[in-house]
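In: any chance you can model this:
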Amino acid sequence: MLSQYVFCKFPLLSTSSASFFLLSLPFALSINFRFHSYGSNPRNIEKSVTTFHALLHRHPRPSTIQISKILGSITRIKYFPTAISLFAQAESKGFMPCLVALNILINCFYHVGQMTLTFSALGKILKVGCQPDTITLNTLMKGLCINNDVVKALDFHDDLVAKGFQLDVNKIIDGFCKEMSPDIVTYNSLVHGFCSMDKWLKAIKLFNQMILEGINPNIHSFNILVGAFCKEGRVTKAKAIVGMMMKSGVKPDEVTYNSLMNWYCLINNVSELSELFNKMVKSGLAPNIICYSILINGFCKIKTVDDAFDLFKEMKRKNLFPDIVTYSSLVDVNGHPLDVQAYNEMIHGLCRKGLFDEAKALLYKMKENECPT
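Out: Numbering: from 1, shown residues only. I've put the predicted structure just below:
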């Protein structure tokens with residue numbers, strides 16, 4: 001059931017909290033006549049609010065269709081806080097919302113950036129015995145995208161599809177892009193989200209769409225694709241992205257080199273790994289701890305431990321303090337006994353970083369190898 005997904009994946013929701021999905025009434029009233037919009041006739045909204053208040057005091061009570069119709073008209077002219085406030089007032093008067101009204105509320109909440117309340121509204125739909133429709137679910141996904149939580153949106157989509165709901169993620173994202181005119185940050189979030197879900201064609205399509213929209217990719221845009229392709233072992237594609245990056249005047253940074261170096265370390269190609277490291281230094285970039293750790297790990301994997309320790313000492317000279325990854329690479333080299341000085345340096349380094357359990361484990365390892373303490 002969908003309710004299992006909602007209440008498991010979004011722990012802020014529960015059957016007790018779902019009934020409190022509205023803004024508290026005092027806060028709702030405080031935004032009642034704060035007529036925020038993005039361009040419409042103020043007289044229209046004033047007329048809608050007046051009509052709404054008249055309906056609330058009518059006997060017999062107005063139907064849910066009448067209430068929902070006015071809320072929908074207010075939402076269409078983008079007075080989202082006003083619609084939220086009026087909804088709260090209606091419910092305080094005993095209004096029992098239908099699925100249409102709750103879909104309108106979900107739409108309002110995501111437009112004001114209140115995604116927690118958006119999913120609480122979904123909880124309310126389930127609590128009153130309704131099943132969310134395609135409009136509900138598409139609106140929720142669009143809200144997650146607009147609020148820069150693309151990975152969660154795609155995860156939500158995949159779970160819904162697995163439960164039998166028919167959703168077209170491409171149409172949702174395309175509609176979102178047309179509606180919101182996304183900037184470089186939004187496009188980067190979308191591309192990263194699709195890469196995280198292995199939706200490569202969509203990621204590349206969005207990347208190209210960003211360029212067609214006149215938005216130039218920045219270093220982060222390129223690094224998202226380089227990192228994602230390297231993790232998948234598609235290093236040829238990653239190199240092509242680096243080539244595109246340099247042609248567009250964007251220079252690779254430490255993150256770019258780290259992604260490529262990490263791939264060559266995984267396949268034990270230390271020659272290519274060393275070449276990239278040297279190329280990085282020649283370009284004027286200063287290798288960071290991650291770069292050194294990757295190269296040290298590469299040397300240790302092919303048992304060229306002397307080279308690994310030379311790099312370890314070079315790090316020390318440059319006041320770069322090795323991390324647990326660096327130490328683990330050096331300690332796990334089989335068949336190469338470490339001397340007492342090497343052990344002492346690593347133990348002191350771990351202690352300086354507050355990694356006392358790791359330091360203790362290394363001390364035991366030192367004793368096992370019969371190295372004098």
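In: check contacts around Asp149.
Out: Met115 (Cβ atoms under 8 Å, 6 or more residues apart in numbering). C-beta: built from backbone N, CA, C; applies to glycine.
In: one more: Ser248?
Out: Ser248 neighbours (Cβ under 8 Å, 6+ apart): Asn216, Pro217.
In: try it again with 10 Å
Out: Ile211, Asn216, Pro217, Asn218, Phe222 (Cβ atoms under 10 Å, 6 or more residues apart in numbering).
In: so the last one makes contact with Asp253?
Out: Spelled out, it's Phe222. Yes. Using Cβ atoms under 10 Å, Phe222 is in contact with Asp253, at 9.4 Å.
In: mind naming the longest helix for this protein?
Out: Ranked by residue count, the top helix of the chain under DSSP state H comes out as helix 42-56.
In: quick one: contacts of it?
Out: So helix 42-56 is contacted by 32-33, 35, 37, 41, 61-63, 66-67, 69-71, 73-74, 77-79, 82-83, 85-87, 89-90, 92-95 (Cβ under 10 Å, 6+ apart).
In: picking that back up, of Phe222 and Asp253, which one has the most company?
Out: Using other Cβ atoms under 10 Å as the criterion, Phe222 and Asp253 rank with Phe222 on top: 24 against 16.
In: quick one: that one and His192, what's the gap?
Out: 12 Å (Cβ to Cβ, to the nearest Å).
In: Ala88 too?
Out: 36 Å.
In: model confidence over the strand or helix carrying Asp357, on average?
Out: Assigned by DSSP states H and E, Asp357 falls within helix 356-368. For helix 356-368, the mean per-residue pLDDT is 69.
In: swap in stretch 235-242?
Out: 93.
In: with stretch 204-224 instead?
Out: Here the average pLDDT along stretch 204-224 is 91.
In: what comes up buried for it?
Out: By neighbour count on 16 or more other Cβ atoms under 10 Å, the buried set for stretch 204-224 is Ile204, Lys205, Leu206, Phe207, Gln209, Met210, Ile215, Pro217, Ser221, Phe222, Asn223, Ile224.
In: would you list those in JSON lines and tack on secondary structure and distance to Gly123?
Out: Formatted as JSON lines, the buried residues of stretch 204-224 follow (DSSP: H, G, I helix; E, B strand; the rest coil; distance: Cβ to Cβ, whole Å):
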{"residue": "Ile204", "secondary structure": "helix", "distance to Gly123": "36"}
{"residue": "Lys205", "secondary structure": "helix", "distance to Gly123": "34"}
{"residue": "Leu206", "secondary structure": "helix", "distance to Gly123": "31"}
{"residue": "Phe207", "secondary structure": "helix", "distance to Gly123": "36"}
{"residue": "Gln209", "secondary structure": "helix", "distance to Gly123": "34"}
{"residue": "Met210", "secondary structure": "helix", "distance to Gly123": "35"}
{"residue": "Ile215", "secondary structure": "coil", "distance to Gly123": "37"}
{"residue": "Pro217", "secondary structure": "coil", "distance to Gly123": "39"}
{"residue": "Ser221", "secondary structure": "helix", "distance to Gly123": "36"}
{"residue": "Phe222", "secondary structure": "helix", "distance to Gly123": "40"}
{"residue": "Asn223", "secondary structure": "helix", "distance to Gly123": "38"}
{"residue": "Ile224", "secondary structure": "helix", "distance to Gly123": "33"}
